[in-house]
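> Predicted structure and sequence below. I'll ask about it afterward.
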Amino acid sequence: MALCAVIGGADHWTEVVEFAQARQTWFAKFLELPNGIPSHDTFARVFRLIDTEELEKACNQWLCSVAAHLGGVRGVVAIDGKSVRGAKEANKHPLHIVSAWASQSNLLLGQVRTAEKSNEITAIPELLKLLSIQGCIVTIDAMGCQKAIAADIVKAQADYVLSLKSNHRHLCAQVRSWFDQSLKENFSHQAHSHYMLEPGTASHGRIESREHWLIEVPEHIQRATKYWTNLKTLAMVRRTRQVGDKTSEEIHYYISSLPLSAGAHIIAHAVRSHWAVENALHWSLDVGFREDACQVRKDNAPANLACLRRIALTQLKQETGKKLGIQGKRRRAGWDTGYLETVLNI
């Protein structure tokens with residue numbers, strides 16, 4: 001009942017009960033309801049008590065079955081975390097969930113919570129254990145740029161493209177310096193691959209261009225990278241944005257297990273695809289489900305409700321018959337049980 005209600009537009013327990021009461025006849029087709037619809041206090045109490053780890057295991061098993069039904073996971077798998085800002089009790093950190101998103105399939109592959117007083121560095125290895133990512137390219141931001149995580153990705157027979165920033169300041173400085181020198185010399189002494197996306201007009205009149213370079217790890221940097229499993233190449237991405245008369249530039253660096261022969265265009269695709277986890281998952285949860293505004297805070301309830309939201313979002317994303325946004329699909333599912341059955345695939 002809670003899952004169907006969340007798909008149909010409910011954002012908290014009172015709305016879950018209102019939805020269930022309005023659809024009691026429909027629920028009675030496949031549920032025994034000798035005492036009618038439970039109260040919102042019962043929903044709140046039950047979801048506070050449900051073991052979150054067990055619910056996440058069930059959720060991840062279901063997500064794996066969906067991926068298998070779609071023919072397996074292919075392409076880029078973006079891993080990133082999101083905090084549920086409203087689910088914060090006094091003197092505690094907000095709930096933080098790390099998710100794996102298959103950019104090509106538009107599918108959530110798995111999720112884990114970060115432990116209290118911990119961060120994504122400890123959660124990502126646990127998430128990788130749940131995934132079948134053979135042959136994929138895994139992208140992670142600078143927080144996940146860790147030797148152990150790179151080793152886990154290679155062990156899973158996948159490749160990685162990891163954002164390199166100041167948390168590895170010595171390596172980052174060496175990579176930056178070498179790219180600066182190579183650019184000045186026009187890569188005359190450095191084998192490389194280059195790919196440029198032609199300038200195009202983005203939203204609000206912005207003109208953006210992105211230029212990518214891929215090189216093998218030079219000999220003088222190999223000492224600093226020898227403990228990184230299967231690290232083969234370094235990448236640089238330069239983004240230029242023009243808004244009116246103002247021009248800004250951003251430069252980012254990446255380390256990868258992909259060979260130079262893969263080409264800079266593959267790096268461009270992987271880096272660009274990583275933003276799908278922000279746009280298709282995190283943004284959809286905030287806008288389509290108002291996740292950050294949710295005030296459910298007690299015990300296991302925030303994590304369990306977050307799990308339901310992600311299941312609901314996955315089902316809504318996989319339903320492509322209606323050309324609607326997530327909010328529009330949720331409203332339609334709330335109005336029309338026939339469409340709700342389509343979303344649930346029953």
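Yes, it's here. Remember, it's a predicted structure, so these values are computed and weren't measured experimentally. Numbering: from 1, shown residues only.

> wait, doesn't E216 sit right on S182?
No. Applying Cβ atoms under 8 Å, one finds E216 not in contact with S182, separated by 11.6 Å. Placement of C-beta: from N, CA and C, glycine included.

> so how far is the helix or strand where G110 lies off the chain centroid?
Per DSSP states H and E: G110 is located in strand 107-113. Remark: strand 107-113 is offset 8 Å from the chain centroid, using Cα atoms, centre = their mean, to the nearest Å.

> So in that sheet, which strands flank that strand, and in what orientation?
Using DSSP bridges, strand 107-113 pairs in its sheet with strand 95-102 (antiparallel).

> what does the strand it pairs with rub up against?
67, 73-84, 87-88, 107-114, 119-120, 123-124, 127, 131, 133, 276-277, 280-281, 302-303, 306, 310 (Cβ atoms under 8 Å, 6 or more residues apart in numbering).

> Quick check: nearest residue in space to Y227, chain neighbours excluded?
K147 (5.5 Å; Cβ to Cβ, 6 or more residues apart in numbering).

> what sits against the one you found?
Here K147 is in contact with 227-229 (criterion: Cβ under 8 Å, 6+ apart).

> In CSV, list those along with distance to V6, pLDDT and secondary structure.
Shown next, in CSV, are those (distance: Cβ to Cβ, whole Å; pLDDT from 0 to 100; DSSP: H, G, I helix; E, B strand; the rest coil):
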residue, distance to V6, pLDDT, secondary structure
Y227, 44, 91, coil
W228, 41, 94, coil
T229, 40, 94, coil
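
> Need the buried ones from those residues selected in ChimeraX.
This is the ChimeraX syntax for the buried subset of the contacts of K147, where burial follows 16 or more other Cβ atoms under 10 Å:
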select :228
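
> Distance to G334 added to the contacts of K147, as CSV?
Output for the contacts of K147, formatted as CSV (distance: Cβ to Cβ, whole Å):
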residue, distance to G334
Y227, 53
W228, 49
T229, 48
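
> Would you state the strands of the stretch 151-300 of the chain in chain order?
Ranges of strands in the stretch 151-300 of the chain, per DSSP state E, counting those that start in this stretch, are 159-164, 192-201, 207-216, 233-243, 246-256.

> any idea which of these is most buried?
strand 159-164 (a mean of 24; mean count of other Cβ atoms under 10 Å).

> so where's this protein uncertain?
For the chain, applying pLDDT under 70 flags the ranges 67-74, 86-92, 116-118, 199-205.

> Verify the stated contact: Y253 with R176.
Yes. In this structure, Y253 is within contact of R176 by Cβ under 8 Å, at 6.4 Å.

> coming back round to it: what helices or strands is whichever helix or strand comes after the strand holding G110 leaning on?
Where DSSP H and E defines the elements, the next helix or strand beyond strand 107-113 is helix 120-130. Using 3 or more Cβ pairs under 8 Å, 6 or more residues apart in numbering; DSSP states H and E, the elements in contact with helix 120-130 are strand 76-84, strand 95-102, strand 107-113, helix 147-155.

> Buried members of the contacts of strand 95-102 into ChimeraX, please.
To isolate the buried members of the contacts of strand 95-102 in ChimeraX, using 16+ other Cβ under 10 Å:
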select :67,73,74,76,77,78,79,80,81,82,83,84,87,107,108,109,110,111,112,113,114,120,123,124,127,131,133,276,277,280,281,302,303,306,310
